[in-house]
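> Based on what follows, work out the 3D shape:
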Amino acid sequence: MGRAASATSFPLAFAVCCVGVALFSVMDAAMKGLSLSIGLFNALFWRAVAGSLLGLALMLLTRQRWPNRVVLRLHLLRGTVVAAMASLFFWAIMRLPLAEAIALSFIAPLIALYLAALLLKERIGRQAIGASLLGLVGVGVILSGRMRGDYDLNALLGAGAVLLSAVLFAWNLILQRQQAQLASPVEIAFFQHIVMLMVFALCAALMRWMPVLPSAPSWLLILLAATLAFTSLAALAWAYARAEAQVLIPVEYTAFVWAAIIGALVFGDRLNLTTVAGAGLIVMGCLIASRVRPTTAPQVEPSIA
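Residues are numbered from 1 along each chain as shown. Just a heads-up that it's a prediction; the model follows:
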């Protein structure tokens, strides 16, 4: 009877996961628009404010308990990592087409293999190493498109920022694997935003920088980005609770399709062949890695920047 219920819920879980990834892609586009209009730091700061208030409301509404010291330290660490990760990624998408940045970020699950070996003492097999090399070739193909013809230093710096963000994202995957066993999705989302707000506020104080109060249209984008972040997180958490991670992880790569469509419609981005080919190689490497036994590759839920 349990198997029948699981089989029945799988199509719905798959559909919800697709919706979650699509909403996450729209959130990336909203943040790119915000960063271009009011500046990166303002966009990150005010989104963290809106997300923290939304998270606090949900914490009170669902009567979440305050975490103990061990869990709180994990929340603080992951929130700090996500703050740096998001800053690098959104700085990069101001300088790169959305689809190209998303394609480069797909390298993160392969980096997570090596971080899992370093932090969780998991063994890396030959198949996983081969998958990571394939992904590395994909990154090289995408970057080759940037080095061909006009040498765009600004875009190359953006690509470097995405790759550095991907390293932090991979660390974030490891932390989320530990965090998911100790806290609820609402608690995780709330502390991710409140810690990010603390980090950005500290940076503003050290730089003697005052956040600029956004205009009404910008506030709509800020609220949209914060709401999409929470909604996509809830959708993905719900889906991963009802279907195996190895089945749902490939859905993550539909983000490339959404990014290409949104980038073309909203920002006038053009998709080139090297980006498509490189993305294909990275995705192929990730799919090979996802077939490795759990002792060599951690199965983790996606995260939100």
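
> Distance of residue 22 relative to residue 15?
Distance of residue 22 to residue 15, computed by C-beta to C-beta, to the nearest Å: 11 Å. Every residue, glycine included, has its C-beta placed from N, CA and C.

> Compare the two (neighbour count), which wins?
Remark: of residue 22 and residue 15, residue 22 carries more neighbours, 20 against 13, as counted by other C-beta atoms under 10 Å.

> Can you tell me how far the more buried one is from residue 231?
11 Å.

> same deal with residue 224?
10 Å.

> ditto for residue 248
Using C-beta to C-beta, residue 248 is found at 17 Å from residue 231.

> Looking at these two, which is more packed in?
The neighbour comparison of residue 248 against residue 231 (other C-beta under 10 Å) goes to residue 248, with 24 against 17.

> Not counting residues beside it along the chain, what's closest to the more buried one?
In space, and not counting its chain neighbours, residue 248 is closest to residue 17: 4.9 Å by C-beta to C-beta, 6 or more residues apart in numbering.

> Following the helix or strand where the one you found lies in sequence, what is the next regular element?
According to DSSP states H and E, residue 17 maps onto helix 2-38. The helix or strand immediately downstream of helix 2-38 is helix 40-61, counting by DSSP H and E.

> what's the helix or strand just after that next one in contact with?
Counting by DSSP H and E, the next helix or strand C-terminal to helix 40-61 is helix 69-93. Under the contact criterion C-beta atoms under 8 Å, 6 or more residues apart in numbering, helix 69-93 has outside partners 28, 31-32, 35, 40, 43-44, 67, 101, 105, 158-159, 161-162, 164-165, 168-169, 171-172, 175-176, 178-179, 182-183, 187-188, 191-196, 198-200, 303, 305.

> Buried among those? Need that as a selection in ChimeraX.
With 16 or more other C-beta atoms under 10 Å as the criterion, this ChimeraX line picks the buried residues out of the contacts of helix 69-93:
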select :28,31,32,35,40,43,44,67,101,105,158,159,161,162,165,168,169,171,172,175,176,178,179,183,187,188,191,192,193,194,195,196,198,199,200,303,305
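
> What about residue 205, how many residues nearby?
Neighbourhood size, residue 205 [other C-beta under 10 Å]: 10.

> Apologies, that question was intended for residue 269.
20.

> residues touching residue 216, list them.
Shown in contact with residue 216 (C-beta under 8 Å, 6+ apart): no residues.

> okay, and the helix or strand of the chain with the least pLDDT?
Lowest by mean pLDDT, DSSP states H and E among the helices and strands of the chain is helix 245-248, with a mean of 64.

> Show me what the helix or strand where residue 257 lies packs onto, helices and strands only.
Residue 257 is located in helix 255-262, with elements delineated by DSSP H and E. With contacts taken as 3 or more C-beta pairs under 8 Å, 6 or more residues apart in numbering; DSSP states H and E, helix 255-262 sits against helix 2-38, helix 98-105.

> got a list of contacts for the next helix or strand after it?
Using DSSP H and E, the helix or strand that follows helix 255-262 in sequence is helix 273-290. Applying C-beta under 8 Å, 6+ apart, the contact partners of helix 273-290 are 97, 99-100, 103-104, 106-107, 109-110, 113, 127-128, 130-135, 137-145, 148, 246, 249-250, 253, 256, 297, 299.

> again, only using 7 Å
Applying C-beta atoms under 7 Å, 6 or more residues apart in numbering, the set of residues contacting helix 273-290 from outside is 99-100, 103, 106-107, 109-110, 113, 127-128, 131-132, 134-135, 137-139, 141-142, 144-145, 246, 249-250, 253, 256, 297.

> what angle sits between it and helix 98-105?
If you take axes from the mean of the first three to the mean of the last three C-alpha atoms, to 10 degrees, helix 273-290 sits at 40 degrees to helix 98-105.

> and the angle from helix 273-290 to helix 255-262?
For helix 273-290 against helix 255-262, the angle by the same axes, to 10 degrees is 150 degrees.

> can you give me the offset of helix 273-290 from its chain's centre?
Offset of helix 273-290 from its chain centre (C-alpha atoms, centre = their mean, to the nearest Å): 17 Å.

> for the record, mean pLDDT for that helix?
Helix 273-290 carries an average pLDDT of 79.

> again with stretch 118-137
For stretch 118-137, mean pLDDT rounds to 72.

> Alpha carbons of it, as CSV, please.
Taking C-alpha atoms only, stretch 118-137 is exported to CSV below (Å, rounded to 0.1, in the frame of the first residue of the first chain):
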residue,chain,number,x,y,z
LEU,A,118,37.2,16.4,2.4
LEU,A,119,34.5,17.2,4.9
LEU,A,120,32.5,14.0,5.2
LYS,A,121,35.3,11.6,4.5
GLU,A,122,33.5,10.0,1.6
ARG,A,123,35.4,8.0,-1.0
ILE,A,124,35.6,9.3,-4.6
GLY,A,125,35.5,6.5,-7.2
ARG,A,126,36.9,6.5,-10.7
GLN,A,127,33.4,7.1,-12.2
ALA,A,128,33.0,10.3,-10.2
ILE,A,129,36.4,11.5,-11.1
GLY,A,130,35.6,10.9,-14.8
ALA,A,131,32.3,12.8,-14.4
SER,A,132,34.1,15.8,-12.8
LEU,A,133,36.7,15.9,-15.7
LEU,A,134,33.8,15.9,-18.2
GLY,A,135,32.2,18.8,-16.4
LEU,A,136,35.5,20.6,-16.4
VAL,A,137,35.7,20.2,-20.1
